[in-house]
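Q: coords please:
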Amino acid sequence: MATGTLARIATVPICPALMLRTPCLALLTALALGALSGCATLAGDSTQKVSIQTVDEEGRVVDGMSCRAGNSSADYVGVTPMFDMQVRRSSSALVVECRRDGMPLTRGVIVSRAVNMQPAQLLLPGGSSMMVIDHLTGYMYAYPRWVRLQVGTDMVFDRRDENGRGPTPGLITRQFDDFVRYASTATSRPR
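A: Numbers count the residues shown, from 1 in each chain. Here you go, the predicted model:
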């Protein structure tokens, strides 16, 4: 056979129906494996609901505090109580600061943790790359659903401490006094 003849034979498809079916079958298989893996990039949400309340030392609700919250993805503002605020998922902490005239400042650091992470995902084709994508986008992380900031304190809330439907218990890391009402303007304590 001549070289030109061989080239013509190689360009003629042997089975056109099979050639169309193979890419579709590969695509459907990849989508099915991705959906079965529980990967948030394919099946999860980029946001979650977080409720923020402010309370006094006795645990009584203090409404009307202006709050600013932010993580590495976005900033949010609102007035307490802020129920079911849509927050973009992120591996970084959500920092909340609330103020109201005549009241001490309250601040909270809300720590996110990885959720729905299955070791079996690593065994699936593309599983490790999906987990890396979920980590980088923040989709695999979640914050506590409900926190109660105590007025006059600096607190830390961790997703690991969340229990059931109630508020997540927080750890008080610092007690503010009357001189620290607005942390952004306070530089030193008067003598």
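
Q: would you list every one of the strands in this protein?
A: Under the criterion DSSP state E, the chain carries strands at the ranges 47-55, 66-70, 75-79, 82-88, 94-99, 106-111, 113-114, 141-142, 146-150, 153-158, 171-175.

Q: out of the ones you listed, nearest to residue 165?
A: With C-beta to C-beta, the closest approach to residue 165 among the strands of the chain belongs to strand 146-150: 7.9 Å. For glycine as for every other residue, the C-beta is placed from the backbone atoms N, C-alpha and C.

Q: quick one: the closest one to strand 82-88, angle?
A: With axes from the mean of the first three to the mean of the last three C-alpha atoms, to 10 degrees defining the directions, strand 146-150 sits at 110 degrees from strand 82-88.

Q: Determine the set of other helices and strands touching strand 146-150.
A: strand 47-55, strand 94-99, strand 106-111 (3 or more C-beta pairs under 8 Å, 6 or more residues apart in numbering; DSSP states H and E).

Q: and with 10 Å instead?
A: Where contact means 3 or more C-beta pairs under 10 Å, 6 or more residues apart in numbering; DSSP states H and E, strand 146-150 is packed against strand 47-55, strand 94-99, strand 106-111, strand 153-158.

Q: could I get those as JSON lines with distance to residue 86 and mean pLDDT?
A: JSON lines is the format used below for the helices and strands packed on strand 146-150 (distance: least, C-beta to C-beta, whole Å; pLDDT from 0 to 100):
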{"stretch": "strand 47-55", "distance to residue 86": "5", "mean pLDDT": "93"}
{"stretch": "strand 94-99", "distance to residue 86": "12", "mean pLDDT": "94"}
{"stretch": "strand 106-111", "distance to residue 86": "15", "mean pLDDT": "94"}
{"stretch": "strand 153-158", "distance to residue 86": "18", "mean pLDDT": "93"}
